[in-house]
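In: my questions are about this predicted structure, shown below with the sequence.
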Amino acid sequence: MEAATYLTGQLLIAMPTMLDPNFRRTVTYICEHSEHGALGLVINRPLDIDLGRIFEQLSMPNTDPNLARTPIMSGGPVQTERGFVIHESGDVWETSASITDSIHVTTSQDILTSMAAGTGPTRAMVALGYAGWGAGQLEFEITENAWLSVPANSQILFDIPFEDRWTEAAGLLGVDLATLSTDAGHA
């Protein structure tokens with residue numbers, strides 16, 4: 001796969017035929033994709049835990065009740081204890097990766113400290129765990145019609161309600177997932 005066709009910064013939309021319970025009806029933000037494999041974060045699977053609980057577990061005082069009620073996403077089935085923050089540009093944190101010019105992913109605790117103090121990024125989403133693919137695996141799954149891909153945008157990442165992200169992301173392609181056949185075809 002040529003570098004120009006890598007999917008970093010794209011959304012992967014699970015096709016209606018996806019049966020894997022880890023990915024059924026998911027939207028995954030691809031943070032890294034190369035000839036070595038891919039890493040992404042599911043952005044529409046809230047866990048039964050909110051950011052306030054994370055702040056409490058890390059002994060971080062927080063005075064913003066709205067922020068404290070922000071749901072944490074299940075980013076994927078790999079290393080579910082590992083935290084990721086997808087956020088818009090802003091300050092530089094210890095371990096941030098620029099995915100696009102405007103979207104970054106940070107894995108260091110300093111961003112959570114800033115968020116708890118009210119000085120973190122304005123728009124952010126926290127996920128535990130990630131989705132990973134080995135070399136060539138994601139490319140194969142795409143040829144098997146498991147995924148659609150579309151460039152990510154801030155609205156899908158931060159504004160659209162979690163339960164609507166799957167259909168809204170597909171809508172960016174002009175696709176109505178409810179009308180797709182469950183029979184896969186290959187050209």
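Out: That came through, no problem.
In: so which elements touch the strand or helix carrying residue 32?
Out: Using DSSP states H and E, the element containing residue 32 is strand 27-34. Applying 3 or more C-beta pairs under 8 Å, 6 or more residues apart in numbering; DSSP states H and E, one finds that strand 27-34 makes contact with strand 10-14, strand 37-42, helix 165-171. (Glycine included, C-beta is placed from N, CA and C.)
In: that one: how far from the chain's middle?
Out: Relative to the chain's own centre, strand 27-34 is displaced by 8 Å; criterion: C-alpha atoms, centre = their mean, to the nearest Å.
In: which residues sit against that strand?
Out: The contact list for strand 27-34 (C-beta atoms under 8 Å, 6 or more residues apart in numbering) reads 6-14, 38-44, 76, 84, 86, 97, 99, 105, 130-131, 138, 149, 152, 156-157, 165-166, 169.
In: and these, which are buried?
Out: Listed as buried from these are 6-14, 38-44, 76, 84, 86, 99, 105, 130-131, 138, 149, 152, 156-157, 165-166, 169; burial here means 16 or more other C-beta atoms under 10 Å.
In: note down every partner strand of the strand holding residue 32 and its orientation.
Out: strand 10-14 (antiparallel), strand 37-42 (antiparallel) (DSSP bridges).
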